[in-house]
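# Take this sequence and fold it.
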Amino acid sequence: MDGVLLCDDFEGGALGSVPNASTWQVQIFEQKGHIAIDSSQAHSGSKSVYVNGTGTGNYRSVLFSTTAPFPPQHNSFYARVFLRSKNGMGEGHSTYFGGGSADNQRMVRIGFHQYVLEANLIHPGTEYEVLSGPWGQPSQGIQLQAGKWHCVEALFDGARHELRVWFDGNEVSGLHTTNWNKNLSTWSPQYGKAWFGFETYHGEQDELWYDDIIIGTQRIGCGG
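Below you'll find the model as predicted:
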């Protein structure tokens, strides 16, 4: 596959250990959560990364991040992941993966809100959001099914200040944005890292598995 900057199927990790420390950094806020190589679920091979995002409090952050392929050429990259959720999507805003500046001042995050797939931008002083369906009508948005592997891919195009998202190989038109419906023009972070896991801001509870993560300079799709 052309243009691959990082590819990890986690098959080389020891069960119960964290993902390869030369590539990934585990970050768990106040130790509320757990990340480990696991064999109970796998998209390919026999292992994946298990993320336990259950616990007390409205805010929990259980992430594994990488700076290995950054900064990307032209400040743009694709990220593809297979993920499996135990509980599916809830009402409260939560994040699965994203990319952002090294100082965390600007971030683009992919997750859910109001039971549907969403994307949001953390911009100095404010936050913007786009949903995959109309507010309050989850049946018209994109939803992860509990207990099923899904392929999610995003283009973080910092050169064009553009975000595109694909779900199980199909582009999600509601998450394609160049201005966040706010007439923004130069909003993209200077991408310095990407992360995966579970971060909730409204007390959602979930356990997830991540597998076959690829970061690259070209569209990846669900076949690799």
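# How about residue 59: what's its closest non-neighbour residue?
Excluding its sequence neighbours, the residue lying closest to residue 59 (CB to CB, 6 or more residues apart in numbering) is residue 201, at 5.8 Å. Just so you know, the C-beta spots here come from the backbone N, C-alpha and C atoms, and that holds for glycine as well.
# Just give me the neighbour total for residue 109.
22 (other CB atoms under 10 Å).
# can you tell me how far it sits from residue 13?
Applying CB to CB, to the nearest Å, the value for residue 109 to residue 13 is 25 Å.
# Look up how far residue 112 lies from the residue nearest to residue 59.
11 Å.
# Which strand or helix spans the spatially most central residue of the chain?
In the chain, the residue lying closest to the centroid (CA atoms, centre = their mean) is residue 97, at 1.5 Å. Residue 97 belongs to strand 94-101 when elements are defined using DSSP states H and E.
# What pairs with that strand, parallel or antiparallel?
strand 107-113 (antiparallel), strand 191-200 (antiparallel) (DSSP bridges).
# Follow the chain on from the last one and name the next helix or strand.
Using DSSP H and E, the helix or strand that follows strand 191-200 in sequence is strand 207-216.
# Tell me which other helices or strands that next one touches.
Applying 3 or more CB pairs under 8 Å, 6 or more residues apart in numbering; DSSP states H and E, one finds that strand 207-216 contacts strand 4-8, strand 48-52, strand 76-85, strand 191-200.
# how about those in TSV, adding distance to residue 133 and mean neighbour count?
Output for the helices and strands packed on strand 207-216, formatted as TSV (distance: least, CB to CB, whole Å; neighbours: other CB atoms under 10 Å):
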stretch	distance to residue 133	mean neighbour count
strand 4-8	31	17
strand 48-52	25	24
strand 76-85	18	22
strand 191-200	20	23
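# export these to TSV and tack on distance to residue 209?
Shown next, in TSV, are those (distance: least, CB to CB, whole Å):
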stretch	distance to residue 209
strand 4-8	14
strand 48-52	4
strand 76-85	4
strand 191-200	11
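# Sweet, I'm off.
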